[in-house]
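> coords below, sequence missing:
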Ligand SMILES: [Zn+2]
């Protein structure tokens with residue numbers, strides 16, 4: 001099997017990937033807190049790790065991919081109260097929106113998508129184990145994790161206990177023994193959802209759900225834990241502390257964190273008015289364009305999202321589709337294209353790029369090479385081979401999944417401008433033009449062509465038929 005390297009956030013180094021069990025990979029990705037619609041940052045992580053999964057499967061691994069829903073926490077409770085609905089209703093609504101957004105973006109559903117509220121027995125059992133082991137204590141109906149009981153605390157985030165103390169000087173909670181300690185269980189407050197526990201009625205803290213659910217579905221030790229870099233501290237640091245102290249063995253072998261998205265060079269936030277909900281973006285941009293844009297950067301890099309960047313991405317994606325579309329239209333003979341062994345080489349290059357810390361920009365560069373080869377392919381056999389390979393490799397990235405002709409007939413970016421004539425109106429004008437040409441009424445044929453061009457529609461007469469695209 002191909003040698004794979006990932007940058008492990010724990011060692012801060014690129015490491016050779018070796019799964020615990022040969023041929024199998026177990027992945028846990030922290031999902032969203034379902035109190036609101038998903039935004040572009042959620043899309044990025046989901047797309048990056050969807051490609052991770054597709055790649056591992058494409059090179060022959062059997063993958064188990066788990067991504068959870070956080071359906072109980074402070075934000076859930078506050079938003080449900082604001083909207084005068086129950087936390088369960090809020091969760092149901094936003095889980096449906098999340099699933100729809102992810103499907104639009106071509107993200108394969110995880111093998112397992114557990115919800116925190118459906119895992120209370122596992123969560124409570126894990127907290128009990130931590131209390132028994134001296135790593136946690138109950139205080140006034142809450143239960144806290146004793147951070148100083150875990151010597152390796154801070155290893156992932158690179159924060160020392162001293163750094164953390166200076167940041168916490170004033171934050172001593174009423175019941176906490178130490179300001180560094182964090183909640184595993186929170187006592188019920190009036191009006192909040194609650195569950196029975198050995199410490200009274202209450203609800204789980206955020207961090208413990210991921211430790212409990214990953215253990216249930218992937219075991220005490222597993223291969224890859226993924227998530228956004230904003231989760232490294234405290235969430236992932238706390239997951240490590242909980243899981244290692246409960247099981248007394250290594251938790252995760254490789255930590256993969258995706259970079260953040262900025263919008264017009266600013267952090268995405270609702271208060272700045274640049275919160276990009278996936279639902280809103282999909283009204284303007286073709287889903288595959290968003291995917292292509294995200295994959296144009298390596299997953300660890302930060303990305304600056306802007307209209308200009310999306311327009312630039314469209315030029316690239318259109319170039320790939322143009323090659324497919326022209327090949328489909330059976331272009332006339334041109335100089336020779338790459339020989340089959342060159343194609344094998346291209347395939348190797350593509351997988352080598354992904355095996356090098358999921359370098360999607362380098363993988364895309366191989367697709368552009370193939371598109372160039374397709375454009376100059378001289379015989380149908382060669383063109384057919386390149387065409388097939390281009391689609392096969394693009395599928396690993398979840399790209400080029402649309403019909404190439406239809407791709408160009410849709411407006412791929414719809415930025416408030418009027419959207420131009422409908423496909424039916426265009427087809428009807430093209431029929432009128434064909435009729436005019438049959439009657440040798442060249443002036444009328446030209447008038448229709450110019451009319452379409454003025455509305456951003458370009459037509460080409462090829463091999464007895466007329467094809468069209470939106471500019
Ligand atoms: Zn998590």
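Received, thanks. All values derive from a computational prediction rather than experimental measurement.
> any low-confidence regions in this protein?
167-174, 269-273, 330-339, 417-419 (pLDDT under 70).
> Write out the residues of it neighbouring the ion.
Neighbours of the ion within the chain, by Cβ under 5 Å from the ion: 30, 210. Bear in mind the C-beta positions are built from the backbone N, C-alpha and C, glycine included.
> give me that answer again for 8 Å
Taking Cβ under 8 Å from the ion as the measure of proximity, the chain contacts the ion at 28, 30-31, 68, 70, 206-207, 209-210, 227, 231, 235-236, 239.
> Among those, which are located in helices?
Among the residues of the chain next to the ion, the ones falling in helices (DSSP state H) are 206, 207, 209, 210, 239.
> among those, which ones are buried?
Buried members of those, scored by 16 or more other Cβ atoms under 10 Å, are 206, 207, 209, 210, 239.
> Setting aside sequence neighbours, what's the nearest residue to residue 52?
Of all residues not flanking residue 52 in the chain, residue 358 sits nearest, at 6.0 Å (Cβ to Cβ, 6 or more residues apart in numbering).
> how about that neighbour, what does it touch?
Applying Cβ atoms under 8 Å, 6 or more residues apart in numbering to residue 358 gives the contacts 6, 48, 51, 52, 55, 298, 299.
> Now do the third one against residue 445, distance only.
Relative to residue 445, residue 51 is positioned 47 Å away (criterion: Cβ to Cβ, to the nearest Å).
> residues in contact with whatever residue of the stretch 151-300 of the chain ends up closest to the ion?
Closest contact between the stretch 151-300 of the chain and the ion, by Cβ to the ion, is at residue 210 (3.2 Å). The contact partners of residue 210, by Cβ under 8 Å, 6+ apart, come to 28, 30, 68, 235, 239.
> what's the helix or strand for residue 253?
Using DSSP states H and E, residue 253 falls within strand 252-258.
> contact partners of stretch 278-290?
Contacts for stretch 278-290 (Cβ under 8 Å, 6+ apart): 37-40, 42-43, 47, 97, 101, 104-106, 310, 313-314, 317, 398-402, 410, 412-415.
> likewise stretch 124-134?
Outside stretch 124-134, the residues touching it (Cβ under 8 Å, 6+ apart) are 136-138, 143, 145-146, 149, 184-185, 195, 197-198, 204, 208, 211-212, 215, 242, 245-246.
> Generate TSV for the ones in helices among the residues of the chain next to the ion, with distance to residue 114 as supplementary columns.
Conversion of these to TSV gives the following (distance: Cβ to Cβ, whole Å):
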residue	distance to residue 114
206	14
207	15
209	9
210	10
239	15
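> if we take those, which one ends up nearest to residue 321?
residue 210 (39.4 Å; Cβ to Cβ).
> How about the stretch 301-450 of the chain: which residue is closest to the ion?
residue 358 (20.3 Å).
> residue boundaries of the strands in the stretch 201-350 of the chain?
202-204, 222-228, 252-258, 261-263, 266-267, 303-305 (DSSP state E, counting those that start in this stretch).
> Which neighbouring elements make contact with the fourth one?
It stands for strand 261-263. Under the contact criterion of 3 or more Cβ pairs under 8 Å, 6 or more residues apart in numbering; DSSP states H and E, strand 261-263 touches helix 40-58, strand 303-305.
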